[in-house]
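K.L.:
All I have is the shape, not the residue letters:
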């Protein structure tokens, strides 16, 4: 029996919104937002979309008007009562009231600030300007809207059964990955795939498949909305934007060199345990660890997000040893460009030597490679980054020169200040 | 929004019925039933379930009580008004009023007769006794109920996502078959897979996938209910039970030898065009064609349902030539143990030399081979056959000794009467 009321209600939507909740975003965004709101609430920043794969001509695939409708819809969103209750009442990383009342009151009133959108040379120029805690919350919804609009466009001309078989193939592929991962004793893995997911529903499916297929090996999802709905742990700590903006605000080379440690001082004031995770690669891992204050060696772990991951892990282990820490007590979180084989390989290499954990992103939530002609659904490297703070450009070096960003002269200055020598380039797939 | 009324309504069902309509059966059953009702309405027959694969211990998989509930439900069915309207009003093989008013009046009043069910040595002894036109309609629903109960049993312990991935795999596999068949110029293929389908919903999916994927190359389905719902051609002509029962009723060897031709004389009185299809293998193709009256060579085509299909087709072509017919005007329907590769091969071999058509059965609607542990969903050779008529055993020889049935002495007598020599055994997969 058709539910007539539902059908009529569905007809009333002018668009099919991709992002329907302000917490359809990564958990670490909220943690960082709370930190920024306390420490740097008035900093003016610019975030900008960067399509690292210029061969994907987004503006030729996606209608600018449809993109505007989706972004306008996001601007109409506010935190719902149930979402607020969950953020206030849930236990995150074993801690109650992770989010301070002042943050929650601010968040409950928040609407996302305006965006600036232009089309140039087949690409979108999409920027967000304003106060840091507001603007930073655009990153994830902007990316997931663009990824899903692109998926929709590619799927638009397919037949009903062709579509069903497309998803059947993607499901089969993901399930085979899960079956392979199920064999790994002691595996701990979370979903980090919100930003470049194929679609919201597909991410939600992938998370549930991981839940059923991996059981306790699946530790949770970075996506707050899915964590709420599926009663999972919300996973995440901090990201490059913190040291990037802190660094851009530094007035001298000495202050610049101090900036990444300042970020973690501020973080340490608020968080302990599994939230004390160092992301050391923003301006080069080796130099960062070499000059790190001793208190940082006491932190719980390190997240490795660029460069050769095995090399990064060895560097971290050597550093802990040099600082008199037992690496077996430490946590290493791999989160860069992971897929099944790499996960199994890294686990085999490091399990027992350190505590190992994985944040699996794009190839969990968007592995549609090879499933349509011209590989039109293959994921690609789309990011949305803080590019300026108080009018000054930001810089990211990372451990892979292909992931570096910022004006050339500034990149050179940062390399000098942070003592970064030659780096091995690694192809950025996703 | 949940449709509350639907949920409550669904709760009221005591079982989840597998067969929900008297026309969830093969079209040729209804054509034959009409013929039998006119020519041999009072013949008493026994149909019996035969599991050719004794390794599948059906009674250990399926609860006898559940089987009874499904069979009892089938006995509660009668032709609905819409089904009757479709049978009376639809065009079948380009002909209106294919079903005579007297047959329709009889069918509208029909309830299926009682069944006899016992469990012995891990197998079900399931028989149906009574007047031929009634009993014969048990064959297809009995088989599809047993196949689907077995599927349900194997699926019962699987998780939700495991199930979804199972169907994703089966869909992907079927779609790949369809993609391969799409390449075959001039292909004509129909669904003949009702009796040994994985489930009703799966057959319905397979039919729709063929519709979308093959377009005009897909000529229809043998399943009347699906043909009605999906607005497809209902496909089918006649089967072995007609010559088997006619033969069993013969009092002398001479009458026995005449019996298969008598069947077709009766058939010719009622049908023309594409319904004049000879099924020559019941007691051996070679002898049947050799002794066939000339008027049979004028029929439209031959269905090849056992033995080496290429050899059978060559025999048919040579026979038409010998009788002065042009094989290029004739239709050959392949319907035995087909899968993609065989279909493509046979089409390549015979297209242009004759009109070629395919009735694709079990490996269209039940190819779940290798998808669960111990291959618990692999199709197997389950049939339900007329085993006796007026107390006399029936015999089938076919062109494959592995498909022969009947008491040994009777098989020997039939072989003598029909002049069947040595035959090449071919493994019966499905």
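P.N.:
Received, thanks. Everything numeric in this text was worked out from a predicted model, so none of it was measured.
K.L.:
Please count neighbours and contacts with C-alpha atoms only from this point.
P.N.:
OK.
K.L.:
show me the contacts for whatever residue of the stretch 251-400 of chain A ends up closest to chain B.
P.N.:
Nearest residue of the stretch 251-400 of chain A to chain B (CA to the nearest CA) works out as residue A:371 at 11.4 Å. Taking CA atoms under 8 Å, 6 or more residues apart in numbering or on different chains, we find residue A:371 in contact with A:166, A:169, A:170, A:377.
K.L.:
Tell me the secondary structure at it.
P.N.:
Taking DSSP: H, G, I helix; E, B strand; the rest coil as the rule, one finds residue A:371 in the coil state.
K.L.:
how close does it sit to residue A:166?
P.N.:
Note on residue A:371: its distance to residue A:166, by CA to CA, to the nearest Å, is 7 Å.
K.L.:
Going by neighbour count, which residues in the host helix or strand of residue A:141 are buried?
P.N.:
Element membership for residue A:141 (DSSP states H and E) is helix A:139-155. Neighbour-count burial for helix A:139-155, counted by 16 or more other CA atoms under 10 Å in any protein chain shown, picks out A:139-152, A:154-155.
K.L.:
Give the next helix or strand downstream of it.
P.N.:
Taking DSSP H and E, what comes next after helix A:139-155 is helix A:160-182.
K.L.:
can you list the residues of chain A near chain B?
P.N.:
A:1-3, A:6, A:159-162, A:165, A:167-169, A:171-172, A:175, A:208-209, A:212-213 (CA under 8 Å from any CA of the partner chain).
K.L.:
Okay, helices next: where are they in the stretch 251-400 of chain A?
P.N.:
Here the stretch 251-400 of chain A has its helices, by DSSP state H, counting those that start in this stretch, at A:253-270, A:285-290, A:294-297, A:309-322, A:340-350, A:362-365.
K.L.:
Now the second one: buried residues?
P.N.:
Residues of helix A:285-290 classed as buried under the neighbour-count rule (16+ other CA under 10 Å) are A:285, A:286, A:287, A:288, A:289.
K.L.:
Would you pull up the residue in the stretch 151-300 of chain A closest to chain B?
P.N.:
Relative to chain B, the nearest point of the stretch 151-300 of chain A is residue A:168 (4.0 Å; CA to the nearest CA).
K.L.:
count of residues packed around that residue?
P.N.:
23 (other CA atoms under 10 Å in any protein chain shown).
K.L.:
Just give the closest residue to it, not the sequence neighbours.
P.N.:
residue B:168 (4.0 Å; CA to CA, 6 or more residues apart in numbering or on different chains).
K.L.:
One more: residue A:73?
P.N.:
Nearest one to residue A:73, counting by CA to CA, 6+ apart, is residue A:17 at 7.0 Å.
K.L.:
quick one: that neighbour from chain B, how far?
P.N.:
18 Å (CA to the nearest CA, to the nearest Å).
K.L.:
Tell me how many other residues crowd that residue.
P.N.:
Neighbours of residue A:17 (other CA under 10 Å): 15.
K.L.:
that's a strand at it, yeah?
P.N.:
No: remark: residue A:17 does not belong to a strand; assigned using three-state DSSP, it is coil.
K.L.:
Could I get the pLDDT score of it?
P.N.:
Residue A:17 is assigned a predicted lDDT (pLDDT) of 95.
K.L.:
That one touches residue A:71, doesn't it?
P.N.:
No: the pair formed by residue A:17 and residue A:71 falls short of the contact definition of CA atoms under 8 Å, at 9.2 Å.
K.L.:
Count the neighbours of residue A:88 for me.
P.N.:
By other CA under 10 Å, neighbour count at residue A:88 equals 17.
K.L.:
domains for chain A, by residue range?
P.N.:
A:15-156+A:379-417, A:160-365 (automatic domain parsing).
K.L.:
Point out the most buried one among those domains.
P.N.:
domain A:160-365 (a mean of 20; mean count of other CA atoms under 10 Å in any protein chain shown).
K.L.:
how long is that one end to end?
P.N.:
Note: domain A:160-365 ends 22 Å apart using CA to CA.
K.L.:
Stretch A:296-309 too?
P.N.:
End-to-end distance for stretch A:296-309, by CA to CA: 20 Å.
K.L.:
dump the residue contacts of the residue nearest to residue A:279 when sequence neighbours are not counted.
P.N.:
Among residues not flanking residue A:279 along the chain, residue A:303 sits closest, at 5.1 Å (CA to CA, 6+ apart). Counting by CA under 8 Å, 6+ apart, residue A:303 makes contact with A:277, A:278, A:279, A:280, A:332, A:333, A:334, A:335.
K.L.:
One more: residue A:307?
P.N.:
A:398, A:399, A:400, A:424, A:425, A:426.
K.L.:
Swap in 10 Å and give it another go.
P.N.:
Counting by CA atoms under 10 Å, 6 or more residues apart in numbering or on different chains, residue A:307 touches A:281, A:284-285, A:336, A:398-403, A:423-428.
K.L.:
give me phi/psi at it?
P.N.:
With angles defined as degrees, to the nearest 10, residue A:307 sits at phi 80, psi -180.
K.L.:
Distance of it relative to residue A:427?
P.N.:
From residue A:307 to residue A:427 the distance is 10 Å (CA to CA).
K.L.:
Find residues that contact each of these two.
P.N.:
With CA under 10 Å, 6+ apart, residue A:307 and residue A:427 have common neighbours A:400, A:401, A:402, A:403.
K.L.:
With adjacent residues omitted, what lies nearest to the third one?
P.N.:
Right, the one you point to is residue A:402. Sequence neighbours aside, residue A:425 is the residue nearest to residue A:402 in space, at 5.9 Å (criterion: CA to CA, 6+ apart).
K.L.:
my guess is that neighbour meets residue A:399, correct?
P.N.:
Yes: because the distance of 8.4 Å satisfies CA atoms under 10 Å, residue A:425 is recorded as touching residue A:399.
K.L.:
what do these two both touch?
P.N.:
In contact with both residue A:425 and residue A:399: A:307, A:308, using CA under 10 Å, 6+ apart.
K.L.:
give me the low-pLDDT residue ranges for chain A?
P.N.:
A:1-2 (pLDDT under 70).
K.L.:
which residues of it fall in strands?
P.N.:
A:44-51, A:115-120, A:123-131, A:189-191, A:218-221, A:277-278, A:301-304, A:331-334, A:355-360, A:382-389, A:392-393 (DSSP state E).
K.L.:
helices or strands up against the first one?
P.N.:
When contacts are defined as 3 or more CA pairs under 10 Å, 6 or more residues apart in numbering or on different chains; DSSP states H and E, strand A:44-51 sits against strand A:115-120, strand A:123-131, helix A:132-135, helix A:139-155, helix A:241-248, strand A:382-389, strand A:392-393.
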